[in-house]
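In: pasting a predicted model and its sequence here:
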Amino acid sequence: MLKDMQKITYLLMLYGYTCLAYAGDGLNSADTAWILASAGLVLFMTLPGLALFYGGLVRSKNVLSVIMACFSITSLISLVWAVAGYSLALTDGGSKQAIIGGVSQLFFLNMDADKLVGNLPESVFAMYHLTFAIFAPALIVGALVERVRFFPLLLFCVLWELLVYVPVCHWIWGNGWLAGQGVMDFAGGIVVHGSAGIAALVCAVLIGPRKGFPRTPFMAHNLTMTAMGACILWVGWHGFSAGSALMANGSAGMAMLSTHLCASAASITWIVLDWLKFGKPSVLGAMTGMVAGLGMIAAGAGFVSPLGAIIIGVVAGVACFYSIHFIKQRLLIDDALDVFPVHGVSGILGALLTGVFADTAMGGIGIVSQNGIFSQLLIQLFGIITTILWSGLVSYLLFKLIDKITGMRVTQEAETVGLDINQHDQQGYNL
């Protein structure tokens, strides 16, 4: 009986967080406290987590430009979310399977301390989802570092947020049309990692490689900084996955356990692959594998069993390891910090594997489709392809438009000097 109730809870949540009114028993203090903490954890992932992770991976002459981009995107997207993002993404769009949300919360004009979404104050619900909305465009920065101008990058992120992230978020999490099809995405495998990963790949192709690529090795200037960022990402990610249960209960606990095991399995897998291929285990490889595991479990964190999460982690380590080499060495695409092969590939494959390991036969809580795993895989594939096409097309058009108006790329001279000096007139180190 208890297992059936947990399954019902998950499936109701799947069809849109705005439908959480089924739990309308009034404010739940424990749930509220947990989601407040989770919002802080996810924000901690971006600042300082992602900023340090990305900052350490670039050359020393560009470290401040990366940190500045993450910081500014956090500030700017927060305002965009307040003005229109939240309302268009997560409020009622007026029909059962809407394309976009409503306008009832533009500028948060109707935000009330006593207004609830399920058992949570709406302010807490909106703040929690704001942290996801920040993280998605911040990921894209990693593909463009060391050669993108600051203000055009911010403009791209704002427009991408409104035209890509907000619609996709509504389609899956806002009781939109993909949710109506039965697409499963617990914590952003499609909404965050899939959409941002594809955008990063498109932008990396359009902006072109860094000067010297692929002949010149671009060495990380401070792996200690990157390691600190990776550790913060690992800890903060539990707000990402366990917080997505929107309750302080066993579902959140299972999501946290699955997330941790998947990241661990992916990291160990990457270490082994590095050892076999290069003769020595790589510190950066161990951290990259961990991030790949976190991305791959995002879609299924609350749907799969711990054993399923471990298997998904092994797949993440193998798939993303070889994706990096394929993208950079075979296709010669300079996705500088491997956003697509790590986040895009993991998000896409993780969403597909959710359709397998969420099945009760695999130890999961059950799948939406009544016709079994194959049917759910087709549903997942449909959601993935839709997101890839939408994000890829809009990202292409936005990049082309902004590049035509203001230019996205710095000059070769500026690239040689470094973006810290050229774009911000400061430098990270005075040695």
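Out: Nice, I can see it. Numbering: from 1, shown residues only.

In: and Phe218, how many neighbours?
Out: 18 (other CB atoms under 10 Å). For glycine as for every other residue, the C-beta is placed from the backbone atoms N, C-alpha and C.

In: pLDDT at it, what is it?
Out: Looking at Phe218, its pLDDT reads 92.

In: thought it was touching Arg59?
Out: Yes. The pair Phe218 and Arg59 passes the contact test of CB atoms under 8 Å, sitting 6.7 Å apart.

In: which residues do those two both contact?
Out: Residues touching both Phe218 and Arg59 by CB atoms under 8 Å, 6 or more residues apart in numbering: Glu146.

In: tell me who's in contact with Asn422.
Out: Asn422 makes contact with Val410, Ala414, according to CB under 8 Å, 6+ apart.

In: what about it, distance to Leu337?
Out: 19 Å (CB to CB, to the nearest Å).

In: what segments of the stretch 1-150 of the chain are helices?
Out: Ranges of helices in the stretch 1-150 of the chain, per DSSP state H, counting those that start in this stretch, are 2-14, 29-44, 51-57, 63-80, 86-90, 122-144, 150-160.

In: for Gly279, find the nearest of these.
Out: Shortest distance between Gly279 and those, using CB to CB, is found for helix 51-57: 22.5 Å.

In: please work out which residues outside that closest one touch it.
Out: With CB under 8 Å, 6+ apart as the test, helix 51-57 has contacts from 63, 66-67, 70-71, 141-142, 145, 220-230, 232-233, 284, 287, 291, 337.

In: whichever of these end up buried, select them in PyMOL.
Out: Buried residues among the contacts of helix 51-57 (16 or more other CB atoms under 10 Å), as a PyMOL selection:
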select buried, resi 63+66+67+70+141+142+145+220+221+222+223+225+226+227+228+229+230+232+233+284+287+291+337
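
In: list the contacts for Pro121?
Out: Per CB under 8 Å, 6+ apart, neighbours of Pro121: Leu27, Thr32, Ala113, Asp114, Lys115.

In: for the longest helix anywhere in the chain, enumerate the helices and strands it packs against.
Out: For the chain, the helix with the greatest residue count under DSSP state H is helix 373-405. For helix 373-405, the packing partners by 3 or more CB pairs under 8 Å, 6 or more residues apart in numbering; DSSP states H and E come out as helix 150-160, helix 166-173, helix 177-181, helix 195-207, helix 345-357.

In: okay if I get those as CSV plus mean neighbour count?
Out: Converted to CSV, those look like this (neighbours: other CB atoms under 10 Å):
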stretch, mean neighbour count
helix 150-160, 19
helix 166-173, 27
helix 177-181, 20
helix 195-207, 25
helix 345-357, 27
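
In: so for Ile367, what's the nearest residue that isn't a sequence neighbour?
Out: Counting by CB to CB, 6 or more residues apart in numbering, Ile367 lies nearest to Gln376, which is 4.4 Å off, once chain neighbours are set aside.

In: I figured the one you found hits Val368, correct?
Out: Yes. Contact status for Gln376 versus Val368: in contact at 6.6 Å, counting by CB under 8 Å.

In: neighbour-wise, which of the two wins?
Out: Neighbour count, other CB under 10 Å: between Gln376 and Val368, Gln376 has more, with 24 against 20.

In: list the contacts for the more buried one?
Out: By CB under 8 Å, 6+ apart, Gln376 lies in contact with Gly182, Met184, Gly355, Ala358, Asp359, Ile367, Val368, Ser369.

In: what is the burial count for the first one?
Out: What that stands for is Gly182. Count around Gly182 with other CB under 10 Å applied: 21.

In: need the pLDDT of it.
Out: 94.

In: I am finished for the moment; much appreciated.
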